[in-house]
Structure formats: C-alpha cells, structure tokens
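S.K.: Structural data only, the sequence is not supplied:
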C-alpha cells in the first residue's frame, strides 16, 4: 500500500470539522485560524500530488482500493488522473482562500460556518477522487448538505437565502436521484460500480431504451450542476444569496463537479449515445453561452451579473466537450482537434474556478464596505480605490479572454478544437465572447470604476461604522487575491505545466472511447 | 417437540411475558410509592435486555430452514397436530427488531410519561405486551395465530394511544384507531374464513399445497380473500387507503406511543404480509405483486403530498411514515426471491425497515426532547434549535436526511435496495415514482430543518435532555450512519433473515 494521499486529502477536512465542532463556540479566533491551518494540509498535499503525478505514464495514479460492501460489490476506490489533479488543487486552493477570507468577514455563528465549510471541502474532494459509483454518489450528496446550510444561514437577508438554499437543494437532488437510478441500472447489467471498468463492459448495451433513459438521467444530474440552460435557474439565486466564500466555492468548485462528472462518467459510459445527442447538447451549450451572457449584461446587481456569467462561461466548457465527443473513431484525423477541445474544456473549468472565484471575492470586497451591489450606486471608484480597480480590471480582463491571461488560453483551445469538428457551432459561439467583453467592460468596469466620482453618492453607501480595515483593498483581501492573480498570469503566459497534464489525460480518455 | 424444548424455543416470548407481568405486579404493589415507582421503567428495560439475551440464545437453534413450533401432544385446529408459530429467520429478525423498538421507546419515554401521567407502570407493561404481540405475529404461521396476535397488538395499541386519559385528543385518537381497527380486522377475518373455506386449512404452508394440488375448485375466492387480508394488514402498516386513522392517532397519542406506533405495528404488519403472501399464496404472485405495486404508488404519493401541508411535527411524521411504508412496499411488490442478486426485494424491505427503526425512533426521541421543554410539537417549536441544543438539531438533521434517503445514512441504503429491486424487475415506473416522491419529501422535512437552522427562537433558553434520552439519540444517530458506512453486517442480517422465505417460495 502506498502512502494514502487521496484518503488524507479527502478526510483531513472532516477531522478538522470534527475538532472545530468540539471547540467551545466562543473561542472564535482559535476556530478561525485552526480551520485555516487545517485547510493548508490538503492544499500542500495536493501540490505534492501534482508534483508526484508521473505525467509520462498517465492514467489513474495514487490508486487506493479496499473492499467496502462485499454484497454490493462496492469498493472504497480512489485515484486521480490529469483531469482530477488540477481540480483537486483548485478545490483545496479555493477552500483555503475562502476560509482565510471568511476569518475576517464572518461574524455570526462562526463555529458552524467553519465546520460546515470543511465538510463541504471533504464532499467536493471526494467526488474528484472517487472511482466507484457508490462512493462517488455518497460524496456527491455529502457536499450538497453543507452548501445548503451555508446559503441558508449566512446569506444576506434581502436575497431570500432560505428560498435560494432549498431551491439549490431540490434542483441538485432531482438530478442526483435520477442519476442514482441510472447507476443502479448500470450496476445490474455490469455487476460493478468501478468507474474505470464500466466503459469496457458496455453498460446497458442490451437494452437501448434503458440506455437512453440512463444517459439522460445522468446527464440531468450533471447538467443541473454545471449548470446548463435551462437547468440554470437555481444558480443566480444561490450565488447571490450565499456569503462571499460560499459563492466562491459554488462558482469555483461546485459547478466543476458537474463538468467533471460529464467527462469522467457520462462520456466514457455512453460514448455512442453522447455522439448521437451531441448536436442537441451543442445547442444547449450555445444557448447557455449566449443567453447567459445576454442576461448578465442586463443585470444591475453586480453579484447576479457574475453569477449569470458562470452560465455563459461553463457553456464554453460544454461546447468543448461536445466537440470532443462529436466524432468518435480513433483513426479519425480530427482526434487531435477533439483532444484539444477537451483539454480546453477542462482548462476552462480550472480557469473559471480561479477567475470567477476571484470575481466573487472582489464583489465581497465592495459589498463589505457599502452593503450594496447595485451598479448604479457606484461610479468613479477608480480614483478612490485604485488597488481594487487594478485587481478587478485584471480579473475582468482574464474573464473576457484577453490574451496573456488565463481565460484566453482555454477559450482559444475550445474554439480551436470546435472549429475543426463542429464549425457551425463554433462560429455561433464566438458571439458569446463579444458579449462577455461587453458586460465586463461596460457593466463592471465602466459603471463601477469609471466616470466621475461623486463624494455624495459614495458617502451615502459607504458605511465606516462597520468597516475597520483600510478603505482600499485591505491586506487580507490582497492576500486572498494574490494566488488567484498569479495563476491567471501563469496559465495565460506559460500554461504548459497544467496543460500538458490535462492534455495527456484528455487524449487517453478520448482514445479509450 | 417436548414441552421443555417447546418452552426453550419460546424463551424470548416467555421472558417478555414474565417481564410485563412483573412490571404490572410491582406497579400494583408499589402503588403510591413514588420512590420505588421510579424503578419500574428500569425493570421493564431489564426485561427487554433479558429478552434480547433469550433471542440471542435461541438464534442458532432455528437452523437454516426454520423450526415449526408444535407441541407433540397438541391438537390442531382441524384435528391434526398443528404448529401455530415457527422459529425461523424472519421470526428471529423481528424478535431482535422488537427488542430494539422496546428498548429505544422505553428509554425515550421516561421524562415524558413522568410529566404527563401518574400511571406509569402500566404504560411499560402494556408496551412490553405490545412488543410480545409483534413477536408472536411475526412468528405466526397459521391464520388463527395471525389474527389473534394482530388483535392482541391492536388492543394494546388502542390502550396506549388513549393513555393520556385527561387529554381529549388522546381519547379521540384512541377511539378513531379502535373503530378503524375493528372494521379492518373484521374484514381481514372474513378474508381468512374464505381461504379456510376454500382450502380447508388455516396453516399457511398447507394452504399453498392445497392451492397448488388443484383440489381447490374455488380458486377465484383467493383474490377477494387476499384483498381483505390486505385491508387488515394494510391498516397496521397504514397503507393507503387504510391509513386515515394514523395522522389523528399519531397526533393525539402520547409522543413515545406515537414513536412506537410508527415503527412497531408497521413492522408486524410487514412481517405477516411477507409471510402470508410468500408462504400461503406464492402461486398468486402476479396478482398480489400488481396490487402491491399499485398500493405502493398511491401510498408514497398520498403520504408525501399530504405531509406537505402539516404544521404539527407528529402529524407530519405520521404522513411521512405512511410514505415510508410505501417505499418499503416496493421491496415486496418487486421481489425476486430466487435472483442470484444483491437485492431480492425482501432483503431490501427488511434493511429499509431496520434503518427506518433507528431513523424514525431517533427523530421521535428528538421530538420528545423538544416537547418536554416546549409543551407542544408544532414546527415553530423547533425554531432556533441549533442554538438551544446543537446536539438535538444536528442529530435531527441526520435523521431527516435518512428519511429523505441522502447518504451516508441508513435510509439511503434501504432506498438503494428497494429501488434496485424495482429496476431489476423492470418496474421502472415504480422506481421513478419512488424517486420523485423522495424529492417531494424534501420539502416538508425542510420545513423542520429551516426552523432548526434558519429560524429564530422566541425562547432561546437551552434545552436540557435527560441522559437516557441523550443516549438513545446518540446511539440512533451512530447506527443510522453506521448502516451506510459499515453496511455489510446489516445487509447480511436482512438477507439471511428472508432466505428461508425464498426457499419456500
């Protein structure tokens, strides 16, 4: 047995949550900093994981396997490949940053918040490392519960947090129970829950109607999570209502669970069906991209705007995946284009995590000071908050795909792949890029930072009573953003370290179909 | 069997009977002696522990195919040497089940009964007798014994429901329960008489033989008889459309009794239903599976939809338990006893029932704890529970998740098995309706969650819990999580308990 990296990464947050639950609730300082420290352990381990992952041999590594429920043939089975490693790292990084940021901004029910947040981290990490459908499903649902409470308890009262929380819960649950039925049907025909083994057994090959039902059942679960239009309506509510750190994790990691599931489960299990329905899913992707961007542009609530932008940006991911699945023979000359599209899609998930995660932190920055997110209430803040302006500008430009920053690379790869395989979709999809530039520059940058600064307007929203840090970005806010900015630049300028890893895994997955 | 062997094999029932009468007797002797009266619950608890010991003692004696309990000298109903009961896997499972129900309910009841009524000894004695009735019913292999034990269970339950004799709601609940029970059990008895008339025997196995040898000319009688039996057993389980008594009875009964009613009689009903259908009417599986599938769909849907509108937690849990019984019934409707598969439907039913035992009794223990402090069990009484008692709020949350079927809880495993059975039999509609209902159920469980975590308590004082109640809640929550995380022993228990039924099928 090798060193159980994945078990440790997954369950150290659980240990942290239990310890926090045992610390008396009035020792808030200790709870906060203990949680941040504990979350550093999985972060460091996931960096080690990244370094130790042998890219030349590819495939699943750091495998752990133990019998769990013999009657059910369910195993405790974990492993990571080039797609999961970046996502595990993204999860641990964003969790640490979120806990750090929350250590300064969460004032009520501190103990519960930090305990739940670590439980959430466990659930998310478990999904990324599970290679057994039962285990996968358990973690999938485990992550749902703490997020539900995070939105409901710490949401801003004016955003109907309880409504948003239950909406989030119900939407996700509808998808996951459909997925559960599909998993059971797959198990009944293949006799295994092993995610790496099922594709070779041709699940439900004997009953095409059931296979189609199972395909859409699983698709529904992941499409709701991604979220794709028309299953996205939980997202603006949940993102808007959640506390800053909750929004960061929702956008940064939870949406990736859906994307990861599509790549890890749906595509390998049902490649032929995926190909058959690809034109349809492609249309959904285009609608998500363009509709998401248009609705973003229409928002006057900064947080809601960014929430809708997630629908649009995750649409790029779906488009990349559709391009990757759209033609399926291995001898296909387009294989390289397809794996480019898929690598782009995975990188898009990572980039969306750091960029939109960053944008939500930045919304938190202004919201903590002014308690409003109304774009019309701001204006001319570039003079008053120059550092904030700089950071927001850079993150925004990364989001709209400016060359040299992270977003550009993944969008470029997605479109480079898609143009070769499904040119019509790619041409229509380009519209979304234009729209993104419009809402980032026009809505966020212009309305918040440019124009004339009005002292009167500012003093009517700024609330010095409740703000004890510096007016411009405080040190803890800068520290939170620095790692994210670093990755935006690194991936934008020199994406090789992460892209090589993803690309090897994408090629392997597509080659095995 | 000689008398000695007979009594040895009946040891769990004997011990439980003795314990019940010891409690009853001591209650009479110690009348008015408050100090000594405090010991009665613990004497009852000791009796339950001894019954557990006796169950473990007789466990290996049953053998793989079960042991008919017939006295060598006894004369049967029709003149032949008859066995009224059997000691087999199913009977043993429900003996264990009953012991657990009695122990958990008994320990949760302490403070509630102390504050609500001066008559305590009888309560525990009646509870033990009701437990005895469940044991007898689940072991009965003869229509006469089935009827008697079900009646025994009903009558003790009526008294327990109306135990708060100064509370009109309790009395009303009891009367309602009684009237429904009287009618349905009469209908069931009529059904039994039809079967006896058609086959000339009341022994379950002999009925099956008679029906399969073709000597019965009135086979068409079996179908109405089956429906009538379903009325009586469906009443115990609270299946739609025989469920109308349960919300009122649950709301009016003392909360510990509600907890008992939501698990004990349901289990007895399922045990008898399984044994009756599989032993006596295996040839009619197509018929009863179709009927049960229909009943399951209606039961799940109606239970859940009506639960959405409830404001009283006891009533809400009543409708929720109707729905839960609907999920369990899927296991019986979709059974495939000979399948070389992980789920035969039957083991799913038992597994579900086992998980439900700890989940529902745990939830009720929390309700009792809250009610002890607030005096009522309306949903707003749970407001801000996370502040008043984090322990109760978190454990209640786990119980509710288990009722929804979210992993890692026992309720998830139960649902996995029954839905798995449905998919295996290609009864996709049944599985889909079940799943849709699980989602609908979130909404009313959420009503409690919302109060506990998001609500602000009017009275923010901490809720203190007696240590037995605390222990019950803690043990239940651990078992509910344990069933999912360390599932193998529980799955094996459920599977082995139904093996002898499958063998007879």
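M.R.: On my side now, so go ahead. Source: prediction; values computed, not measured.

S.K.: Of all the helix elements in chain A, which one is longest?
M.R.: Looking across chain A with DSSP state H, the single longest helix is helix A:335-370.

S.K.: Over to chain B?
M.R.: Ordering each helix of chain B by length in residues (DSSP H) puts helix B:168-199 first.

S.K.: which residues of the stretch 51-200 of chain B fall in strands?
M.R.: Along the stretch 51-200 of chain B, the segments classed as strands by DSSP state E, counting those that start in this stretch run B:67-69, B:85-87.

S.K.: Out of those strands, which one sits most buried?
M.R.: Among these, judged by mean count of other Cβ atoms under 10 Å in any protein chain shown, the one packed with the most neighbours on average is strand B:85-87 (a mean of 24). (C-beta placed from N, C-alpha, C; glycine too.)

S.K.: If you count contacts, what does it end up packed against?
M.R.: strand B:67-69, helix B:121-139 (3 or more Cβ pairs under 8 Å, 6 or more residues apart in numbering or on different chains; DSSP states H and E).

S.K.: Partner strands of the shortest one, with direction?
M.R.: In other words, strand B:67-69. Each strand paired with strand B:67-69, and its direction, by DSSP bridges: strand B:85-87 (antiparallel).

S.K.: Show residues contacting the strand it pairs with.
M.R.: B:9, B:58, B:61-62, B:66-69, B:91, B:136, B:139-142, B:145 (Cβ atoms under 8 Å, 6 or more residues apart in numbering or on different chains).

S.K.: hang on, the earlier thing: among the strands of the stretch 51-200 of chain B, show the one with the smallest mean pLDDT.
M.R.: Mean pLDDT across the strands of the stretch 51-200 of chain B is lowest at strand B:67-69; the value there is a mean of 77.

S.K.: Output the below-cut-off pLDDT ranges for chain B.
M.R.: Within chain B, the segments meeting pLDDT under 70 span B:1, B:71-82, B:214-216, B:337-340, B:504-505.

S.K.: still on that earlier bit, residues of the longest helix of chain B that come out buried?
M.R.: When neighbours are counted by 16 or more other Cβ atoms under 10 Å in any protein chain shown, the buried residues of helix B:168-199 are found to be B:170-178, B:180-181, B:184-185, B:187-189, B:191-192, B:194-196, B:198-199.

S.K.: Just after it, pick out the following helix or strand.
M.R.: Scanning forward in sequence from helix B:168-199 by DSSP states H and E, the next helix or strand is helix B:204-213.

S.K.: closest one to residue B:379 among the strands of the stretch 51-200 of chain B?
M.R.: Shortest separation from residue B:379 across the strands of the stretch 51-200 of chain B is recorded for strand B:85-87, at 43.1 Å, computed as Cβ to Cβ.

S.K.: tell me how far that closest one is from the chain's mean position?
M.R.: In terms of Cα atoms, centre = their mean, to the nearest Å, the centre of strand B:85-87 is found 19 Å from the chain centre.

S.K.: and if you look at stretch A:454-471?
M.R.: Worked out by Cα atoms, centre = their mean, stretch A:454-471 lies 33 Å from the chain centre.
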